[in-house]
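[1] got a predicted structure plus its sequence, pasted below:
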Amino acid sequence: MSEVLLVDIGGTNMRYAYSKLGLTDIYESKRMSLENLDNFNEIIQSLINHKNYSVKNAVFSIAGPKISNTIKMTNRSFSANSDTIKENFLLDQCHLLNDWESIGYSLTSTPENDIKYLKQGISFNSNTLVLGPGTGLGAAFSNGGTVLPTEIGNTTNWTSALLTNFNISNDGTFLILEDIISGTGISKLYKALAGECISAEEVIKRFDKKEKNAQHVINGFISSLAHVLSDLALAYVPGNGIFLAGGLSRTLAPLINHESFKEEFLKNKSSIHKDLLKNIKIGVITREHTCLYGNLNYFNFINKNN
């Protein structure tokens, strides 16, 4: 049986692996840093021409909105079309997924021991919300079958209210939600407070060293994340849970006080809606390569009757 190539293209890295139809695991997973995607065709050709595999199918998850068979990346000057890729590389099947659409599909094979819960709850419907701050902010919704990607990170309604968590006035830096709730947002928030431009990773290191501005940013970020999740929970009613994914979520998880997070999640809600929110569990997916697993699950899903 031929292999399926699984590729995840994000804001800063590309990850890839291989698998076969019907399997739930991946193999030869690797990551490469991307300066740009000018040599995209050469990279993909080299992966398809693997000396040990016969690759006839491919599934790509890409950070950007999907319209029909095309995805234009949000944080890069790059677009991909599944029909073009299929034709160029003589594939039997080629599928494109939004990255958070892919993460939504990964949940069906995510082991329970690969989820760290920030808040316990019960399952009372099949709705699931996945979300994660990274280079930007992505999210997707599932009702137990098809996964529907969103562009929540590019909405504008939250920014003014969330900036009150940091005592920062908006000088035009914070226009959309992912200007705050993302790794890039952490850097922007720190710069607004301290006047220094450093990475989110460095801000977290300074938080661990109890640096005042870093603690203010990270604590405000965690509160803001809880507030956004609370509003999204009322919008989507994810009775099967909210799941955070990505490297930044995994890094932040040990820094989150569960009781304080729950309080922020329930804050400023009516008693009847607090009762609803109390039942919604929130977990962090600790397994890496979630998009690659999601790509594989999607491939199995659409070929399940073949």
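    Yep, it's here. For clarity, every value in this text was computed on a predicted model and none was experimentally measured.
[2] per-domain residue ranges of the protein.
    3-105+289-302, 111-285 (automatic domain parsing).
[3] mean pLDDT lowest for which of those domains?
    Ranked by mean pLDDT, the domains of the chain end with domain 3-105+289-302 in last place, scoring a mean of 92.
[4] can you check the distance spanned by that domain, start to finish?
    Terminal residues of domain 3-105+289-302 are spaced 16 Å apart (CA to CA, to the nearest Å).
[5] quick check, Leu37 in a helix?
    No. Looking at Leu37 with DSSP: H, G, I helix; E, B strand; the rest coil, it is coil, so not inside a helix.
[6] if we can go back for a sec, now the domains of the chain in a markdown table, with mean neighbour count?
    Where C-beta positions appear, they are placed from N, C-alpha and C, glycine not excepted. Converted to a markdown table, the domains of the chain look like this (neighbours: other CB atoms under 10 Å):
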| stretch | mean neighbour count |
| --- | --- |
| domain 3-105+289-302 | 19 |
| domain 111-285 | 18 |
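[7] this protein: helices as residue ranges?
    Assigned by DSSP state H, the helices in the chain fall at 40-48, 82-88, 99-106, 159-163, 183-194, 200-208, 212-236, 247-252, 258-266, 271-278, 290-302.
[8] wait, which of those is closest to Asn127?
    Proximity of the helices of the chain to Asn127 was assessed by CB to CB; the nearest stretch is helix 212-236, lying at 6.0 Å.
[9] and the angle from that closest one to helix 183-194?
    Per axes from the mean of the first three to the mean of the last three CA atoms, to 10 degrees, the angle that helix 212-236 makes with helix 183-194 is 140 degrees.
[10] report all helices and strands that helix 212-236 contacts.
    Counting contacts by 3 or more CB pairs under 8 Å, 6 or more residues apart in numbering; DSSP states H and E, helix 212-236 is packed against strand 128-133, helix 159-163, helix 183-194, helix 200-208, strand 242-244, helix 247-252, helix 258-266, helix 271-278.
[11] and that helix, how far out from the chain's middle?
    Distance of helix 212-236 from the chain centroid (CA atoms, centre = their mean, to the nearest Å) equals 16 Å.
[12] now the angle from that helix to helix 200-208?
    Between helix 212-236 and helix 200-208, the angle formed by their directions is 110 degrees, by the same axes, to 10 degrees.
[13] nearest residue to the residue at minimal distance from the centre of the chain in space, please, no chain neighbours.
    By CA atoms, centre = their mean, the chain has its centre lying nearest to Gly132, at 4.0 Å. Spatially, and ignoring its direct neighbours in sequence, Gly132 is nearest to Gly246 (3.8 Å; CB to CB, 6 or more residues apart in numbering).
[14] same question, Gly247
    Nearest to Gly247 is Gly134, by CB to CB, 6+ apart, at 6.9 Å.
[15] how about Leu189?
    Val217 (4.8 Å).
[16] cool, and Asn213?
    That would be Ala194: by CB to CB, 6+ apart, it lies 4.3 Å from Asn213.
[17] same deal with Asn98?
    Leaving aside its chain neighbours, Asn98 sits nearest to Pro149 (3.7 Å; criterion: CB to CB, 6+ apart).
[18] likewise Thr155?
    Nearest to Thr155 is Leu177, by CB to CB, 6+ apart, at 5.3 Å.
[19] any idea how far that neighbour is from Asn154?
    Counting by CB to CB, to the nearest Å, the gap from Leu177 to Asn154 is 7 Å.
[20] what do these two both touch?
    By CB atoms under 8 Å, 6 or more residues apart in numbering, Leu177 and Asn154 have no common neighbours.
[21] residue contacts, the residue nearest to Asn98?
    Pro149 touches Pro65, Lys66, Leu97, Asn98, Trp100, Glu101, Gly104, Gly138, Ala139, Ala140, counting by CB under 8 Å, 6+ apart.
[22] do Ala253 as well
    For Ala253, the contacting residues are Lys116, Leu118, Leu244, Val284, Thr286, by CB under 8 Å, 6+ apart.
[23] and which of the residues you listed is nearest to Leu266?
    Leu118 (13.1 Å).
[24] correct me if wrong: that closest one contacts Gly283.
    Yes. Using CB atoms under 8 Å, Leu118 makes contact with Gly283 at a distance of 6.8 Å.
[25] now for those two: what residues contact both?
    Joint contacts of Leu118 and Gly283 (CB under 8 Å, 6+ apart) are Leu244.
[26] against Asn13, how distant is the residue nearest to Gly132?
    Distance, Gly246 to Asn13, by CB to CB: 11 Å.
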